[in-house]
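Novice: Next come a sequence and a model predicted from it.
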Amino acid sequence: MTNPLFFDNDCISAFLWVEKQSILTRLYPNKIVIPQPVYNELSFPGIQHLKMRVDSMINNGDVEIRHIQTNTEAYDFYFKMTQNPDINHKIIGNGEAACLALAKSENGIIASNNLKDIRDYIEEYSLKHITTGDIMIEAYQKGIITEAQGNMIWANMLAKRRRIGARSFSEYLKSKNLYNQ
């Protein structure tokens, strides 16, 4: 994979909350991008520990923070989604919009679990998209985690109120017809 991955808060936080960001750095070396608005969200009081983990990833060269420059296609698209959407589209959050705008302008991949807000844009612009579940499957298929480890990580993510689409990793594998047992 050569495309950058633009992580929304919900997707990167799923890994940060359970201290499993190493899965991301092993799967996507030099590909992890956090848009500035998403990084700003990680600065909210009460979740400073998540920002500290991202800062560590930045210092290690595993993550890049990306700004949206004014007077660019990305900025115009970002502004439209956050301030003045087309008919039949709703205003979406800054983090989601930044991921979409950067992925669209840089032929990147959006890493987000928030399909409710972004699905229409993904479909309309034929953007590539992955979720926490997709990342976990890729880690499983590449031997980074076992199914048992996946179930433990999944349970810990659910305990941190992450919305990741199934009650267990095994259930998620079954839903994708990838279950081995």
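Specialist: Cool, the structure landed.
Novice: Might you list the low-confidence residue ranges for this protein?
Specialist: 1-2, 179-181 (pLDDT under 70).
Novice: can you give me the helices for it?
Specialist: Along the chain, the stretches classed as helices by DSSP state H are 9-17, 21-27, 36-41, 48-59, 73-83, 94-106, 115-124, 132-141, 147-159, 169-175.
Novice: which strands and helices sit next to the fifth one?
Specialist: Helix 73-83 is packed against helix 94-106, with contacts defined by 3 or more Cβ pairs under 8 Å, 6 or more residues apart in numbering; DSSP states H and E. Placement of C-beta: from N, CA and C, glycine included.
Novice: Contacts for the helix it packs on, please.
Specialist: Residues from elsewhere that reach helix 94-106, judged by Cβ atoms under 8 Å, 6 or more residues apart in numbering: 4, 6-9, 33, 35-38, 40-41, 66, 68, 72-75, 77-78, 81-82, 92, 108-112, 114, 117-118, 121-122, 125, 127-128.
Novice: again, 7 Å this time
Specialist: 4, 6, 8-9, 35-38, 41, 66, 68, 72-74, 77-78, 81-82, 108-110, 112, 114, 117-118, 121, 125, 127 (Cβ atoms under 7 Å, 6 or more residues apart in numbering).
Novice: For PyMOL, what selects the buried ones among those?
Specialist: Buried residues within these, by 16 or more other Cβ atoms under 10 Å, are selected in PyMOL with:
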select buried, resi 4+6+8+9+35+37+38+41+66+68+74+77+78+81+82+108+109+110+112+114+117+118+121+127
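Novice: burial measure for the closest residue to Gly61 other than its chain neighbours, as a count.
Specialist: Distances taken as Cβ to Cβ, 6 or more residues apart in numbering place Asn30 nearest to Gly61, at 7.8 Å, with adjacent residues excluded. Using other Cβ atoms under 10 Å, Asn30 is surrounded by 12 other residues.
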